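> Just need the structure, nothing else, for what follows:
(chains A, B, C and D)
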2 protein chains.
Amino acid sequence: MAALAGVSTGTASKALNGRGAMRPETRLRVQQAADQLGFVVNAAARSLQTGRTYTVGMITTDTIGRFSIPLLIGAEDALGAGQMSVFLCDARDDPIREQYYLRTLLGRKVDGIIVTGRRTQARAPIGADLPVPVVYAFISSTDPQDCSVVPDEADGARRAVRHLLDTGRRRIAHVTGPEHHHSAQVRAAAAAAEWELAAPVLYGEWTEAWGRQAAGMLLAGGIDFDAVLCGNDQIARGVAEGLREAGRDVPRDVALVGFDNWDVMVDACRPSLTSVDMDLEGIGRTAAELLLAAINGAPAHGQRARPCRLVPRESTAAGFVAPRNGEPRNGEPRNSEPRNGERQPPETW
Amino acid sequence: MAALAGVSTGTASKALNGRGAMRPETRLRVQQAADQLGFVVNAAARSLQTGRTYTVGMITTDTIGRFSIPLLIGAEDALGAGQMSVFLCDARDDPIREQYYLRTLLGRKVDGIIVTGRRTQARAPIGADLPVPVVYAFISSTDPQDCSVVPDEADGARRAVRHLLDTGRRRIAHVTGPEHHHSAQVRAAAAAAEWELAAPVLYGEWTEAWGRQAAGMLLAGGIDFDAVLCGNDQIARGVAEGLREAGRDVPRDVALVGFDNWDVMVDACRPSLTSVDMDLEGIGRTAAELLLAAINGAPAHGQRARPCRLVPRESTAAGFVAPRNGEPRNGEPRNSEPRNGERQPPETW
DNA sequence: AACTTTCAGGAAAACGATTGCCTTGACGCT
DNA sequence: AGCGTCAAGGCAATCGTTTTCCTGAAAGTT
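Model (predicted):
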C-alpha cells in the first residue's frame, strides 16, 4: 500500500483525491509513491464507500448495427472524458434479455443508463421508478417525462430540399422506405411541406433494388423531374444506377440526395452522393452529456431533436441548370403546406 | 435487507449462494424474501470480498467499425451467458488512450481483457506481466505466448478457389487490395497455391472503384478468364459492375467470389455475390470462451486460426460452363505450388 | 506565559457482502 | 442421566477505500 511511503491510508486517500488539508510536500510524496508502485485505487472498494461507481450501462435494444455504432462511439467518448466506463449490453430486441441486463446493471450500481436502438416508433420506457437516471438516444420513450435525444429528421429533409432548390432544382421527386415507417413519414411530410413535390411520394423498401425500380417508375410515368430526394443512401444509389442505365445523367439531368450519409454508400455511388447526416455521434455525445448532468442532479426531461447536416457531393453539383421561369436562384423556399390540388399522379401509379 | 425475513445476513448470503448447511425451508424463505424486496446483491461489495468482479474489458484498438461489431456481439454473447459484463473501450488507434483504458480496467479489477482491432499486421502486446489474462481477437499479438484468435484467411481463399473449380471454372483471376496488406498477401498466396491463376494478381485498393478499374484491365489485357476471385466484397461488386457494363454476363461468362460476406454488399450486388465469411462472431465467441477458460485457471497460448465458410449465391451459379479439356467436373484441386513459368502477363501490365 | 486558533495527519467507523468459526439445541447412544 | 455428534444458523473478521472526528503541535494573541 502506498501508505508505506510515509503516511496512513486515510491521509494517502486524501492526498490522491485532493481532499483535506496537508503540506504540498506530503501530497507530492504520496503521489510519487503511488505511481512508483503502480498503485491504482480499487474501484469496488471506492464505490462501496462513496455510492458512486463511475460506470454507466448502455443497452442497445435491437442488435448493435450500423446506426448504433456512431451512437456508441459518441457516448463512449463523452463518458470516457468524464472518467466513466461503459457497460455494453446487446439486448437483441428481446424483452427478456433487456430486463435481465437491466437487473445486472442495477446490481452493478451503475450511475446511469443509456438506451439506444432502432425502432419505427417510440418505445415503452425500459423500467419504471428506476433508482438511476436513464437517457434514450436515437430512439425515444413514450413517457414524455423521460429524456430522449433524437435526430430532427424533418430538419434533415428540409435541408435537403433547400439544397436542391439552392442548386437550381424545382421538380423534386421523393423515393423512400415503407410508408408505415416513422422516418419515412416524417421525412416525406417535411419535404412536401417545404416544396411541392413533382410527384406523389414513392414508398417502398430501404434497398438499392427498390431505388432502381423506383427510378424506372419515375421515368416510365412520364414525370417531369430534375431531382430525387431519397429516403436513404441505399435507395439513392439504386436510383442513381437506374437513371444511369436509362441514359440520364446525374447530376446534369437529375440531382440526387440521400439520407444517412453512410460512407460506404455515398462514396461508392456514381457520382458520389450528396446526403443528409443525422450526426449520430453527436446524438450519442449529447445523450451522454445529459446523462452526466442527470447523475449530477440536473435531470432533463422530454425529447430533444438535434439538427441534421447536409453534406454536398457530386450528385447535386450546381451550375448545370438555369433557374426556371425567373424564379430567384436562391429564393426563399416556401413554408406553406403543399398545394395538393396541383398534383397530377400519372396513370401507372 | 433480506435478513429482515428471518435470518442473519450471513445466513442470507449462504442461502442465496447455495453455501453452508441449512433447512431447505429456510433457504426458500430467504429467496422469496429476496425477490419480494427486489433485492440484488451489490456487485462492488461482493467483488471486494471475493476478488472476482465478473467483469471483462474489451479494448478495440482501432475505432469500432464494421469488423469489430460481429466480434463484439459474439464476445458479449459468450460472456453474457457466463454472467459477465463487458466494459467497452474504444482506443481509436491511439496508444495513449489504449494505456489509459488499460489502467482503468485494471483499477476496476476486471477478470480479463479482450483486445480486438483491425490491423495490417500483428500488434505489440498491450502490456507486459498483466495481472489478468488477455485474449486477442481478430488481431494477433506478436508475442507467441499470448493467446490470439484469428480467421484462417488462407483457408477462406482456398475454399473460394475450390468452389470455383467445383462449379466448373478453370481460368481464375484475382483482384485484391494493397500488396502491403497482410490479408491481401495471405489470400493471394493461398489462392495461387491452390490453383494456377489465369493472370498475375491485381493489387489495388479495397474499393469498388478499384474493382471496376481492374475489370477493365482484365478485359483490356486480353486475359482469358472465366472467374474472378476478389479480395473483398467491395472490389467484387466493382468488378461485377465493370463486367456488366462491358457486356459480360455474371455468372454465365464470369463467376465472381467476394470476401467478408458483408450483407450490404453481397445482397446489393447484381447478381448477388458468393462470398467467403470469416465468421467474426464465432471468433469473438471463441475468444471470449478462451478468456473464460483462462480466468478459470486454464490459459491457452498461441494463435488459433478459425476456418472460414463459403456462402454461395448467384454470382457463381453453376451449370453454365462445361468442364474443359476433359478435366473431371469435381476434380481434386492440386495442392502443389503454382507453375510460375506458365504465366504470361500481357504487355499492358 | 498562558490561552486560543490553525493546520497536518492519524484513528477508526463506515460501505455491503462473504466466510470461517462458534454456539445452540436436538437427537442418539450407552 | 450423561455425554457425544451433528445440523442450523449466528457472529464477527475481512476486503480496500473514504470520511468524520480527533489529537498534537506549531503559531498567533494579549
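> drop to CA atoms for contacts and neighbour counts, all remaining ones
Will do.
> got a list of what the most centrally placed residue in chain A touches?
The centroid of chain A falls nearest to A:Leu280 when counting by CA atoms, centre = their mean (2.8 Å). Neighbouring residues of A:Leu280 by CA atoms under 8 Å, 6 or more residues apart in numbering or on different chains: A:Phe67, A:Pro70, A:Leu71, A:Gly74, A:Phe138, A:Pro151.
> run the last query once more with 6 Å
A:Pro70, A:Leu71 (CA atoms under 6 Å, 6 or more residues apart in numbering or on different chains).
> So for it, what pLDDT did the model give?
Looking at A:Leu280, its pLDDT stands at 95.
> if I look at it, how far off is B:Leu202?
Note on A:Leu280: its distance to B:Leu202, by CA to CA, to the nearest Å, is 37 Å.
> same thing with A:Met278?
A:Met278 is 38 Å from B:Leu202, by CA to CA.
> Disregarding residues adjacent in the polypeptide, which is nearest to A:Val266?
Among residues not flanking A:Val266 along the chain, A:Leu273 sits closest, at 4.5 Å (CA to CA, 6 or more residues apart in numbering or on different chains).
> I'd guessed the one you found sits against A:Thr316; true?
No - counting by CA atoms under 6 Å, A:Leu273 does not reach A:Thr316; the two are 7.7 Å apart.
> Give me the more crowded residue out of those two.
Neighbours per residue (other CA atoms under 10 Å in any protein chain shown) separate A:Leu273 from A:Thr316, with A:Leu273 holding more: 32 against 26.
> For the more buried one, list the residues it contacts.
For A:Leu273, the contact set (CA under 6 Å, 6+ apart) comprises A:Val266, A:Arg313, A:Ser315.
> Likewise for A:Ser315?
Contacts for A:Ser315 were tallied using CA under 6 Å, 6+ apart; they are A:Val250, A:Pro251, A:Ala255, A:Leu256, A:Pro271, A:Ser272, A:Leu273, A:Thr274.
> CA atoms only for the longest helix seen in chain A, dumped as PDB, please.
Secondary structure of chain A read by DSSP state H shows that its longest helix is helix A:280-295. The C-alpha coordinates for helix A:280-295 follow below in PDB (Å, rounded to 0.1, in the frame of the first residue of the first chain):
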ATOM      1  CA  LEU A 280     -25.400  10.100 -34.700                       C
ATOM      2  CA  GLU A 281     -22.100  10.600 -33.000                       C
ATOM      3  CA  GLY A 282     -23.300  14.000 -31.800                       C
ATOM      4  CA  ILE A 283     -26.500  12.400 -30.600                       C
ATOM      5  CA  GLY A 284     -24.600   9.800 -28.600                       C
ATOM      6  CA  ARG A 285     -22.500  12.500 -27.200                       C
ATOM      7  CA  THR A 286     -25.400  14.700 -26.200                       C
ATOM      8  CA  ALA A 287     -27.200  11.800 -24.600                       C
ATOM      9  CA  ALA A 288     -24.100  11.000 -22.600                       C
ATOM     10  CA  GLU A 289     -23.800  14.600 -21.500                       C
ATOM     11  CA  LEU A 290     -27.400  14.800 -20.500                       C
ATOM     12  CA  LEU A 291     -26.900  11.600 -18.500                       C
ATOM     13  CA  LEU A 292     -23.900  13.100 -16.800                       C
ATOM     14  CA  ALA A 293     -26.000  16.100 -15.900                       C
ATOM     15  CA  ALA A 294     -28.800  14.000 -14.600                       C
ATOM     16  CA  ILE A 295     -26.300  12.000 -12.500                       C
END
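> gap between that helix and the chain center?
Chain-centre distance of helix A:280-295: 12 Å, with CA atoms, centre = their mean, to the nearest Å.
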